[in-house]
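*Asks:* let me see the structure of the following:
(one chain, ligands or ions: 1)
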Amino acid sequence: MAQTTGHIRTFYDLKELNGEQGFVIAPFHSGSNKPIVLIQPDCLELEKLAATPCEPLNELDDAFEESNRDASKKEYTRKFHAFVQPLQEKEFDKLVLSRSTTLRREATFSPAAAFFRASKRYTHSYVYLCYTPQTGMWLGSTPEIILSGEQGSWSTTALAGTQSLQQGELPINWDSKNKKEQQLVASYIRRQLQTLHIQPTEKGPYAVRAGELAHLKTDFHFALQETNSLGDMLKLLHPTPAVCGLPKEKAYRFILSQEGYDRSYYSGFIGNLNPSGRTDLYVNLRCMHIGKERLTLYAGGGLLPTSKLADEWNETEKKLQTMLAITNN
Ligand SMILES: C=C(O[C@H]1C=CC=C(C(=O)O)[C@@H]1O)C(=O)O
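*Replies:* A predicted model of the protein is given here:
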C-alpha cells in the first residue's frame, strides 16, 4: 500500500492515535526527529506506482547513518555490566540491552528482493518493508504482536525467552532464566490490562518459531466495548518488558540514558491500525534500517541479575542473523 498524495501525519504521543486509521510506524521513544508516523494509503496496487519515478532517499539517511555507529563487543561488554549491576542491586527486575550493527550496502542490494526473500523464509513472522520520508526505509520480520483484533475481539502477547531451534524443531525444555524473563512480560501485561478492568483469557506460555529461533509466548484475548481509545491502550502496553524493562518508567529512562545509542524505530511498533476494521500491530524486532550506503541491523535481549555476558552476546548475534540471512542472495 502507498500514500501518494497529501501530507503525511506525524504525532509525538501515542494517545494521539486514538480514533486514527492507517499504517503506523512508531519509534521506541518519540522525540524531535523521531515522530510516530501514520501513512493513510490511497493506493493498494503498487504495480500502478512502478511507472512513477521514486523520490531519492532523503537527507535524513545521512544524519541517521552518522549517529548509528556499531556497538563493538567491547562496548557491549561495558554496557552489559552497567545494566547487570543495578539488576543485581535489585533496582530493576529486568532490563533489555540492545545494539546495532552496520554493514556496507552492496550495489546489488535490492530492498524489494530482500523483502520477498524474508516473506518466503519467515512464514511465522510479520514481514514488512516500509518507507516514509520521516523514518527512512525499514525492513523487518517480527514475531511479536503488540495489539491485534477487530470489533469486540482483541489480543496481545507476552513474547520473551530465546533458544535456537533444535534440528529445526521447537525445543521442549526451557531454563529458569528464560521462563522468568517471559513470566515478567506476562505479569506486566496482566497488570496493565487490569488497570483498564480487562480480564483476559490466556493461552500459554508455549514455544513459537521466529526464523531459526524459538521464543516463549502467552496470548491474551479480551473484548473491547469501544475501539476509539486504541492509542491509550498502546501507550499502556508500549514499551513492554520484552523490549524495555521493569519497573517500566524507570527502565525506560535508564535505557534512554545508558544504552548509548538511538534505537530509532527498532523496538517501536508497526502495522495497520483501524478502529473500525482490523488492527494488526507488531513490535518492530529483527529489523534493519536501509540507508543509501549502509544497512543498520538491530537486536537486543532481556537481562536478569543472573544473565551471562557470553550467552547474551551470542543471543544478539543470532537475532541479527534474521536480517543478515536475507541481505545476500
Ligand atoms: C528484543 C528482542 O527480542 C525480544 C523478543 C523475544 C525474545 C527476547 C529475549 O529473549 O530477550 C526479547 O525480549 C530483539 O529481537 O531484539
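
*Asks:* quick one: low-confidence parts of the stretch 151-300 of the chain?
*Replies:* Along the stretch 151-300 of the chain, the model assigns pLDDT under 70 to no residue.

*Asks:* now the helices for it?
*Replies:* With DSSP state H, counting those that start in this stretch as the criterion, the stretch 151-300 of the chain has helices at 176-194, 230-237, 248-258.

*Asks:* for the ligand, find the nearest of the ones you listed.
*Replies:* Counting by Cβ to the nearest ligand atom, the ligand lies closest to helix 176-194 out of these; the figure is 5.9 Å. Where you see a C-beta, it was placed from the backbone N, CA and C, and this is true even at glycine.

*Asks:* tabulate the helices of the stretch 151-300 of the chain (CSV), appending mean neighbour count and distance to the ligand.
*Replies:* Formatted as CSV, the entries for the helices of the stretch 151-300 of the chain read as follows, by neighbours: other Cβ atoms under 10 Å; distance: least, Cβ to the nearest ligand atom, whole Å:
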stretch, mean neighbour count, distance to the ligand
helix 176-194, 19, 6
helix 230-237, 20, 14
helix 248-258, 15, 11
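
*Asks:* just put those helices in a markdown table and tack on distance to residue 23.
*Replies:* Putting the helices of the stretch 151-300 of the chain into a markdown table (distance: least, Cβ to Cβ, whole Å) gives the following:
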| stretch | distance to residue 23 |
| --- | --- |
| helix 176-194 | 24 |
| helix 230-237 | 14 |
| helix 248-258 | 25 |
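
*Asks:* which one of these lies closest to residue 140?
*Replies:* Distances from residue 140 to each of the helices of the stretch 151-300 of the chain were compared using Cβ to Cβ; the minimum, 17.9 Å, belongs to helix 230-237.

*Asks:* mind giving me the packing neighbours of the closest one?
*Replies:* Helices and strands touching helix 230-237, by 3 or more Cβ pairs under 8 Å, 6 or more residues apart in numbering; DSSP states H and E, are strand 145-150, helix 176-194.

*Asks:* can I get these in TSV with distance to residue 27?
*Replies:* Shown next, in TSV, are the helices and strands packed on helix 230-237 (distance: least, Cβ to Cβ, whole Å):
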stretch	distance to residue 27
strand 145-150	14
helix 176-194	20
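
*Asks:* please give me every residue in contact with the residue nearest the centre of the chain.
*Replies:* Centroid-nearest residue in the chain: residue 284, 2.0 Å away (criterion: Cα atoms, centre = their mean). Listed by Cβ atoms under 8 Å, 6 or more residues apart in numbering, the contact set of residue 284 reads 25, 138, 140, 142, 265, 266, 267, 268, 269, 270.

*Asks:* any of these buried? List them.
*Replies:* Neighbour-count burial (16 or more other Cβ atoms under 10 Å) applied to those gives 25, 138, 140, 142, 265, 266, 267, 268, 269, 270.

*Asks:* buried ones in stretch 300-313?
*Replies:* By neighbour count with 16+ other Cβ under 10 Å, stretch 300-313 contains the buried residues 300, 301, 302, 303, 304, 305, 307, 312, 313.

*Asks:* residue 87: which of these is nearest?
*Replies:* Nearest to residue 87 among those, counting by Cβ to Cβ, is residue 305 at 4.4 Å.

*Asks:* could you give the bridge partners of residue 9?
*Replies:* With DSSP bridges as the criterion, residue 9 is bridged to residue 38.

*Asks:* verify the contact between it and residue 35 for me.
*Replies:* No - the pair residue 9 / residue 35 is not scored as a contact, 9.0 Å apart, by Cβ atoms under 8 Å.

*Asks:* noted, bye for now.
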